[in-house]
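Visitor: Predicted model and sequence below, questions to follow.
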Amino acid sequence: MVLSMRFAACVAMLVLLGGVGACGKPEPVRLGFVGGLSGRVADLGIGGRNGATIAVEEINAAGGVKGRPVELLVRNDEQDPKLALKAVDELLALPVDAIVGHTTSAMSVTTVARVSERKVVMVSPTSTTDELSQRDDYFFRVVAATRDNAARNAGYYLARGFKRAAVIYDLNNRAYSESWFKAFATPFLQGGGQLLSVSTFTSRPEIHFGELADAALAKSPELVILVTNAVDTALIAQQIRKRTPSVQLATSEWGGSEKLIEMGGRAVDGMLVSQYFDRNSTAATYAEFKRRYLQRFGEEPGYAAVCGYDAARLVLIGLQAQKGGEHLKQTLLRLGRFELSQGPLMIDRFGDAKRAIVITVVRDGHFEVVLGP
C-alpha cells in the first residue's frame, strides 16, 4: 500500500511537471538578417530588413513555424568585410536557423565560406555576382545572376539604337560591378556596340564625380551606363547633365532604389533603370505585401524591400516544409519552387534563382516600366 501510494505520487508529480512544460512557451525560430544599414548602401540594407520584417510578422500572425514564433535578429555589416564576418559570427553563435543576407555581392563573397563551414543556409535578397554561381555551398538567392541581368540590358540598349556607350563602375562592390560589366560587354560588343570608355572608382565621400563625368563624355557617347549604388548614380548623373544634358543615362539594378530619384531629382529623369521586380505586378501576394509595407513603414516598397521579403519568405517556407532529420538546404533544394511576392520562383540544384529583370525609365519622379519580365 505504501509503495502504491508513493508510485501514485510520483506519477502525479510527473504529470504536473509535464503540464508545466507543455504550458511553457516554445523555443523561437531565430532568423538572422545582415546587410548594410548605414553609409551609401543603406537603402539596400534598410529596405531588405524591412521586407524581411513583414515576412516574419505575417508568419507569426499565422501561428509561426510549426507553432514556434519567429524572431528576426538584425546585424549591420556596414559594407565592410571585417564587420561582415563579425556580424555573421555573432548570428552563428546565437545560433540562428538561417540568415537572410547580405545585400551586396561583395559582402556575400566575404562570408559565404563561413556559413558553409557551419552548414547554415544564407539567402541573399540582392547579391547577384557570377562568382557565387553554380557552387555547391549554403548560399541561395532570390534574384538571377548578373550574367542574365546584364545581357538583357545589353539587348535592350542595342534594340533602342544605342551603340556607342561609356561605362562607369564602382570597385567598392567589385564582386557585383565587375561581374555585371563583363556580362554586359560581351553581348553588347557582339551585337555591334562599341565601348568608348570604361572608368572605375572606389566609392567614398571625397570622390570628384566631375572628373568621372568628363572621362565618360570625352568621346561623345550616345549612352552612359552607371554600375553604381543609388547615391553615387544620382551624383554622377548630376555632373553628366551639367555637361551634356541630352546624353542617355542608364544604371544597373544596384542603382535602382527610390534613393536614386530622391537624390537625383531632374538629373535622373529619362534614365533607364533595370529592376528586380515589376512595380505593375497584379499578383495578390504582392498587393498584400505592398499594403502591409505601406502601413508599417509609411512608404511603398522598393526592390530591396521586395527581395528582402522574398528571401525571408523562401526561408520560412522551407522551415515549414522541413522533415525530421532533413537539413534546411536539402528542404529548399527538394522544394525547388516557391510562391513569392510576384509569383513562382525557381531555384536550381545550386540554389541559384531564375528571375527576369524589368527595365524601367524614370519619368516625373516615378519608375515606369518599358520592358516587362
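Guide: Structure's in. What do you need? Numbers count the residues shown, from 1 in each chain.
Visitor: Next, give phi and psi for residue 71.
Guide: phi -110, psi 130 (degrees, to the nearest 10).
Visitor: Repeat that for residue 334.
Guide: According to degrees, to the nearest 10, residue 334 has phi -70, psi -40.
Visitor: mind listing what it touches?
Guide: The contact partners of residue 334, taken as C-beta atoms under 8 Å, 6 or more residues apart in numbering, are residue 326. All C-beta atoms are positioned from the backbone trio N, CA, C, and that covers glycine.
Visitor: who does the residue nearest to residue 269 when sequence neighbours are not counted bridge with?
Guide: Of all residues not flanking residue 269 in the chain, residue 362 sits nearest, at 5.5 Å (C-beta to C-beta, 6 or more residues apart in numbering). On the basis of DSSP bridges, residue 362 is bridged to residue 367.
Visitor: From the structure, what's the count of residues near residue 362?
Guide: 23 (other C-beta atoms under 10 Å).
Visitor: try the one 5 residues further on
Guide: The tally of other residues near residue 367 (other C-beta under 10 Å) stands at 23.
Visitor: mind checking how far it is from residue 260?
Guide: Taking C-beta to C-beta, to the nearest Å as the measure, residue 367 falls 9 Å from residue 260.
Visitor: And residue 195, by the same measure?
Guide: From residue 195 over to residue 260 (counting by C-beta to C-beta), the distance is 23 Å.
Visitor: More neighbours: which of those two?
Guide: Between residue 195 and residue 260, residue 260 has the larger neighbour count (other C-beta under 10 Å), namely 26 against 16.
Visitor: any idea what sits nearest that one, other than its immediate chain neighbours?
Guide: Spatial nearest neighbour of residue 260, chain neighbours left out: residue 230 (4.2 Å); criterion: C-beta to C-beta, 6+ apart.
Visitor: other SSEs contacting the helix or strand hosting residue 182?
Guide: Here residue 182, judged by DSSP states H and E, is contained in helix 174-190. Packing partners of helix 174-190 (3 or more C-beta pairs under 8 Å, 6 or more residues apart in numbering; DSSP states H and E): helix 105-117, helix 146-159, strand 164-170, strand 194-201, strand 223-227.
Visitor: Just the buried residues of the one helix or strand residue 331 maps to, please?
Guide: Applying DSSP H and E as the criterion places residue 331 in helix 328-335. For helix 328-335, burial by neighbour count (16 or more other C-beta atoms under 10 Å) applies to 328, 329, 331, 332, 333.
Visitor: out of those residues, which one sits closest to residue 239?
Guide: Nearest to residue 239, judged by C-beta to C-beta, of the buried residues of helix 328-335 is residue 332 at 44.1 Å.
Visitor: Please tell me I have it right and that closest one contacts residue 319.
Guide: No - in this structure, residue 332 is not within contact of residue 319 by C-beta atoms under 8 Å, at 9.7 Å.
Visitor: Next one, pLDDT for residue 208 please.
Guide: The per-residue pLDDT reported for residue 208 equals 86.
Visitor: What separation do you get for it and residue 217?
Guide: From residue 208 across to residue 217, the span is 15 Å (C-beta to C-beta).
Visitor: out of these two, which sits in the busier spot?
Guide: Taking other C-beta under 10 Å, residue 208 and residue 217 do not tie; residue 217 has more neighbours (18 against 10).
Visitor: Against residue 246, how distant is that one?
Guide: When distance is defined by C-beta to C-beta, residue 217 is 11 Å away from residue 246.
Visitor: what do you get for residue 342?
Guide: Separation of residue 342 from residue 246 (C-beta to C-beta): 35 Å.
Visitor: Compare neighbour counts for these two and give me the winner.
Guide: Applying other C-beta under 10 Å to residue 342 and residue 246 shows that residue 342 carries more neighbours, namely 21 against 7.
Visitor: can you confirm residue 320 is in a helix?
Guide: Yes - inclusion of residue 320 in a helix is indicated when DSSP: H, G, I helix; E, B strand; the rest coil is applied.
Visitor: Number of residues surrounding residue 63?
Guide: So residue 63, with other C-beta under 10 Å, has 10 neighbours.
Visitor: what do you get for residue 363?
Guide: 12.
Visitor: Would you check that it makes contact with residue 269?
Guide: Yes - contact criterion C-beta under 8 Å: residue 363 and residue 269 qualify, at 6.8 Å.
Visitor: which residues does residue 115 contact?
Guide: Residue 115 touches 88, 92, 99, 121, 122, 138, 139, counting by C-beta under 8 Å, 6+ apart.
Visitor: meant to ask about residue 247, not that
Guide: Taking C-beta under 8 Å, 6+ apart as the test, what residue 247 contacts is 217, 221, 222, 223, 224, 240.
Visitor: of all the residues you listed, which two lie farthest apart?
Guide: 222 and 240 (12.9 Å).
Visitor: Between the two, which has more neighbouring residues?
Guide: residue 240 (23 against 18).
Visitor: Could you pull up the residues touching residue 187?
Guide: 150, 151, 154, 155.
Visitor: could you flag which of the residues you listed are buried?
Guide: 150, 154.
Visitor: Could you single out the nearest of the contacts of residue 187 to residue 277?
Guide: Residue 277 lies nearest to residue 150 out of the contacts of residue 187, by C-beta to C-beta, at 17.3 Å.
Visitor: after the helix or strand of the chain with the lowest mean pLDDT, next one along is what?
Guide: Least confident helix or strand, the chain: helix 2-23 with a mean of 44, by mean pLDDT, DSSP states H and E. In the C-terminal direction, the helix or strand that comes right after helix 2-23 (DSSP H and E) is strand 29-35.
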